[in-house]
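Peer 1: Here is the input, now give the coordinates:
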Amino acid sequence: MNLDAMRLFALSESRALGESIGAALGMPLNAHEERDFEDGEHKTRPLENVRGCEVFMIQSLFSEPGKSVNDKLCRLLFFIGALKDASARSVIAVLPYVGYARKDRKTKARDPVTTRYVAQLLEAVGTDRVLTLDVHNLAAFQNAFRCPTDHLEAKNLFVEHFAARSGDTEVVVVSPDVGGVKRAELFREALSQRLNRPAGSAFMEKQRSAGVVSGEALVGDVKDKAAIIIDDMISTGGTIARTAHACRKQGAQSVHAAASHGIFVSKADQVVADPALDSLVVTNTLPPFRLDLELTRNRLTVLDIAPLFAEAIRRIHTGGSIVELLGE
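Peer 2: Got it, this is the predicted structure:
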């Protein structure tokens, strides 16, 4: 791979993940400056020549103490603008987790469609391509952008994780709501192929109104089986907890959960500690900083997505196939 025409940057909030991606690529992060002013304004700029280069800009868009998702989005936009002004040939925004992706349609009168607004902001500063992982609604995400997008999946990471631990136990893949059935089915098909035996399927009834979730029916057979709940994210953990308890009530031998993005807000630590769950797996698109450290060590498995992003970046830079990378 010719690295002379390629640059890799990660802002400070995503530096650890950026360094891991760089290590998997066999190249260090390029140098940049981030400066905060006393009035709350800031500037970011590359400290190396980017003229004529293909630049990959890594920034995971989530809130944390001292930096809101809005702060991170603004810093990302300004840096992409600076890269384009410095004559970068193209800029690819590498967004392992995309904030505001859940508000992808109007559910009430005069609702905002923030997924589209974020897309318009990224395009306005000159973003040429967006690379991300397991967005909440893929169709809405793809339709929001006019520039090309590449969408990665943690599915195969989860398949390998659970295939190594399932033994001879019958497995059933559970979607925590009807909206996630397609995601769960794709995972079930891949897991069945990897195990060389069929896995069952089930889904949980779920209704949401004014932020209140209801519905208790579990459709599908989980009795005496290992139930694997699959979702795109864990926020408060309420949906996962409801599904785990429903599986236990229906006689599941064990209950496991996997989600691409571990946001863990509010009382999510109680869900992680819930004995109804035998294990919980996420990726490192964002660190589990809101959870108790001891709880994280004993109850949570974090899978590394850096090699997947590194290979995707390599293929984008060399003209390789993302479809083949995903095994589709």
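
Peer 1: Okay, buried residues for stretch 226-240 please.
Peer 2: 226-240 (16 or more other C-beta atoms under 10 Å). To be clear about C-beta, it is placed using only N, CA and C from the backbone, and glycine gets the same treatment.

Peer 1: Tell me the one of the residues you listed nearest residue 29?
Peer 2: Nearest to residue 29 among these is residue 233, at 26.7 Å by C-beta to C-beta.

Peer 1: From residue 192, how far off is the closest one?
Peer 2: Using C-beta to C-beta, to the nearest Å, we find residue 233 at a distance of 24 Å from residue 192.

Peer 1: hang on, the earlier thing: filter the buried residues of stretch 226-240 down to the ones in strands?
Peer 2: Of the buried residues of stretch 226-240, the ones assigned to strands by DSSP state E are 226-234.

Peer 1: would you turn the residues you listed into a markdown table with pLDDT and distance to residue 16?
Peer 2: Listed next are these as a markdown table, based on pLDDT from 0 to 100; distance: C-beta to C-beta, whole Å:
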| residue | pLDDT | distance to residue 16 |
| --- | --- | --- |
| 226 | 97 | 33 |
| 227 | 97 | 33 |
| 228 | 98 | 28 |
| 229 | 97 | 28 |
| 230 | 97 | 26 |
| 231 | 95 | 24 |
| 232 | 94 | 22 |
| 233 | 94 | 20 |
| 234 | 94 | 20 |
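
Peer 1: ok, now which ones touch residue 202?
Peer 2: For residue 202, the contact set (C-beta atoms under 8 Å, 6 or more residues apart in numbering) comprises 172-175, 218-222, 227, 247.

Peer 1: can you tell me how far it sits from residue 255?
Peer 2: From residue 202 to residue 255 the distance is 12 Å (C-beta to C-beta).

Peer 1: Now do the helix or strand where residue 185 lies: distance to the chain's middle.
Peer 2: Using DSSP states H and E, the element containing residue 185 is helix 181-195. Centroid separation for helix 181-195 versus its chain: 18 Å, with C-alpha atoms, centre = their mean, to the nearest Å.

Peer 1: ditto for stretch 113-124
Peer 2: Worked out by C-alpha atoms, centre = their mean, stretch 113-124 lies 18 Å from the chain centre.

Peer 1: buried ones in it?
Peer 2: Buried, per 16+ other C-beta under 10 Å, within stretch 113-124: 115-116, 118-119, 122-123.

Peer 1: Show residues contacting that stretch.
Peer 2: 73, 77, 80, 93, 98-101, 103-106, 130, 137, 140-141, 144-147.
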